[in-house]
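Undergrad: return atomic coordinates for the entry below.
(chains A, B, C and D)
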There are 2 protein chains.
Amino acid sequence: MIKFILLGFLNYGQMTGYDLKQAIDNSTAHFWHAHHSQIYTTLRDMEKEGLVTSQFIKESGQPDRRVYTISEPGKQSLGSWLDQPMTEMSPIKEEFLVRIFFSGQRDPQKVISELLLQRELHQRQRAVYHSILHPIIEKNVEIMPGLAREAEFWHATLQMGIGYEEMYLEWITRTIEKIEGL
Amino acid sequence: MIKFILLGFLNYGQMTGYDLKQAIDNSTAHFWHAHHSQIYTTLRDMEKEGLVTSQFIKESGQPDRRVYTISEPGKQSLGSWLDQPMTEMSPIKEEFLVRIFFSGQRDPQKVISELLLQRELHQRQRAVYHSILHPIIEKNVEIMPGLAREAEFWHATLQMGIGYEEMYLEWITRTIEKIEGL
DNA sequence: TTCCTCATGTAATCAGTTACATGATTAA
DNA sequence: TTAATCATGTAACTGATTACATGAGGAA
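TA: Residues are numbered from 1 along each chain as shown, chains lettered A, B, ... in the order given. Predicted coordinates:
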């Protein structure tokens, strides 16, 4: 999966592993994240497979960089991945729900304070979407108007993020009320 | 993680690996699933750690079964895991959003048909929550009224599932409209 | 002088998936 | 006779996380 994210970004232009990490952190990380260690090793593997090529650039003063470029087979691999539709839903792994599921015998006050903590985190995440990610997309379109169409799709994923956080926050409110009513 | 799910169920009563698989499929699988292979190997590891004990029961006619029972250390492990609050949000891994994110250069009709396919799947999932999972909880409470309190928490996770699917379906509708408007 | 950013990697480990493997009973 | 359910396991592999490791430049 991370392979296709890397191909997706490299399809916009050549980048280093470091750049890719930044790009992911500012966008897809909110629905698919990766550690730098995974990014670097995956790029190596992809080069062996012929999906990307790299040039090592010696910098004087700054650290050396390895710049990756997508190849023709890489573009085809990305394209055919995108063209074969997903026939299943993504599985969900939500640890917090596991905790709630098994909280029947716990002190309700402890459960409520955990819910309040999660509320805090999800409010912060919603704010990140509004005040950080939204402006980043806008800025990208400003400096590269050719990406206007792409930006519509980036916004779509952002809207899901906001919708998710809003739903989550409403659920927290309802769940706190439910526990208080027990 | 799966360890605590197994402990959580075994805390309700002794079960086999097979029983646990069924229990998970009918409940937590919607926010944390596991394959039988992982369940069996994890139970073995847990026995080595002393969190559970097992008895092998030879059946005549039916297949033999290995029944697991939670131990005192197992109960403590579960309790202390539940008592240390989650200070982070669960990371999301949603492949479909990756596909949407990188769909800027794709044929809009193909993207829309993928969205329609996902709508189908999420509608089905919402129906599963209403027509299968809800009745299962109700039935459990009927046959074991002592689980009434637990059931409130099970319902809470179910409500999140329903909220999630509803949010997802609304997002799909909005996204289709957006793409049609391009 | 301490921390942050830039920049890249390896190694060890863990969690999770897929595939392989067996075999009886019961219902359609 | 075919498929589903009951029932348990091992092995290989992949994907992902955590830890280890280095080092320069610039800002506070």
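
Undergrad: pretty sure residue A:98 contacts residue B:3?
TA: No - in this structure residue A:98 lies outside contact range of residue B:3 using C-beta atoms under 8 Å: 10.8 Å. Bear in mind the C-beta positions are built from the backbone N, C-alpha and C, glycine included.

Undergrad: neighbour count for the two, which is higher?
TA: More crowded of residue A:98 and residue B:3, by other C-beta atoms under 10 Å in any protein chain shown: residue A:98, with 23 against 18.

Undergrad: mind checking the SS state of the nearest residue to the more buried one once chain neighbours are set aside?
TA: Nearest residue to residue A:98, sequence neighbours excluded (C-beta to C-beta, 6 or more residues apart in numbering or on different chains): residue B:32, at 5.3 Å. Secondary structure for residue B:32, judged by DSSP: H, G, I helix; E, B strand; the rest coil, is coil.

Undergrad: which strands or helices does the lowest-mean-pLDDT helix or strand in chain A pack on?
TA: Lowest mean confidence among the helices and strands of chain A (mean pLDDT, DSSP states H and E): helix A:134-143, at a mean of 88. Judged by 3 or more C-beta pairs under 8 Å, 6 or more residues apart in numbering or on different chains; DSSP states H and E, the packing partners of helix A:134-143 are helix A:148-180.

Undergrad: touching chain B at all, the helix it packs on?
TA: Yes - on the criterion C-beta under 8 Å from any C-beta of the partner chain, helix A:148-180 is in touch with chain B at A:149-154, A:156-157, A:159-160, A:163-164, A:166-168, A:170-171, A:174-175, A:178-179.

Undergrad: which among those end up buried?
TA: A:150-154, A:156-157, A:159-160, A:163-164, A:167-168, A:171, A:175, A:179 (16 or more other C-beta atoms under 10 Å in any protein chain shown).

Undergrad: and the strands in chain A, which stretches?
TA: A:15-16, A:52-57, A:65-70 (DSSP state E).

Undergrad: which residues of chain A score low on pLDDT?
TA: Within chain A, no stretch has pLDDT under 70.

Undergrad: which bits of chain A sit near DNA strand C?
TA: Those residues of chain A that sit near DNA strand C, judged by C-beta under 7 Å from any atom of the strand, are A:16-19, A:22, A:36-37, A:40-41, A:43-44, A:56, A:59, A:62-67, A:91, A:93.

Undergrad: is stretch A:36-44 up against chain B anywhere?
TA: No - judged by C-beta under 8 Å from any C-beta, stretch A:36-44 makes no contact with chain B; its nearest approach is 13.1 Å.

Undergrad: coming back round to it: ok, and of the residues of chain A next to DNA strand C, which contact DNA strand D?
TA: With C-beta under 7 Å from any atom of the strand as the criterion, the residues of chain A next to DNA strand C include A:37, A:62, A:63 near DNA strand D.

Undergrad: got phi/psi on the second one?
TA: In other words, residue A:62. phi -80, psi 160 (degrees, to the nearest 10).

Undergrad: same check on residue A:32?
TA: phi -160, psi 110.

Undergrad: surely it and residue A:1 touch.
TA: Yes - counting by C-beta under 8 Å, residue A:1 is a contact partner of residue A:32 at 6.6 Å.

Undergrad: shared neighbours, these two?
TA: B:93, B:95, B:98 (C-beta atoms under 8 Å, 6 or more residues apart in numbering or on different chains).

Undergrad: next up, the contacts around the last one.
TA: I take that to be residue B:98. By C-beta under 8 Å, 6+ apart, the neighbours of residue B:98 are A:1, A:4, A:5, A:8, A:28, A:31, A:32.

Undergrad: ok, now how distant is the third one from DNA strand D?
TA: When C-beta to the nearest atom of the strand, to the nearest Å is the yardstick, residue A:5 and DNA strand D sit 9 Å from each other.

Undergrad: try the fifth one
TA: Summarising the geometry, the distance separating residue A:28 from DNA strand D, computed by C-beta to the nearest atom of the strand, is 12 Å.

Undergrad: ok, that residue - contacts?
TA: Contact partners of residue A:28, counting by C-beta under 8 Å, 6+ apart, are A:5, A:157, B:97, B:98, B:101.

Undergrad: could you rerun that using 7 Å?
TA: Counting by C-beta atoms under 7 Å, 6 or more residues apart in numbering or on different chains, residue A:28 touches A:5, B:98, B:101.

Undergrad: in helices only, show me the residues you listed.
TA: Among the contacts of residue A:28, DSSP state H puts A:5, B:98, B:101 in helices.

Undergrad: and of the residues you listed, the nearest to residue A:139?
TA: residue B:101 (17.0 Å; C-beta to C-beta).

Undergrad: surely that closest one meets residue A:155?
TA: No - with contact defined as C-beta atoms under 7 Å, residue B:101 does not reach residue A:155; the gap is 10.1 Å.

Undergrad: more neighbours: those two, which one.
TA: Comparing residue B:101 with residue A:155 by neighbour count (other C-beta under 10 Å), the higher total belongs to residue B:101, at 21 against 17.

Undergrad: spatially nearest residue to the more buried one, not counting backbone neighbours?
TA: Residue B:101 sits nearest to residue A:157 (C-beta to C-beta, 6+ apart), 4.9 Å away.

Undergrad: distance check, that neighbour against residue A:34.
TA: 16 Å (C-beta to C-beta, to the nearest Å).

Undergrad: what do you get for residue A:46?
TA: Note on residue A:46: its distance to residue A:34, by C-beta to C-beta, is 13 Å.
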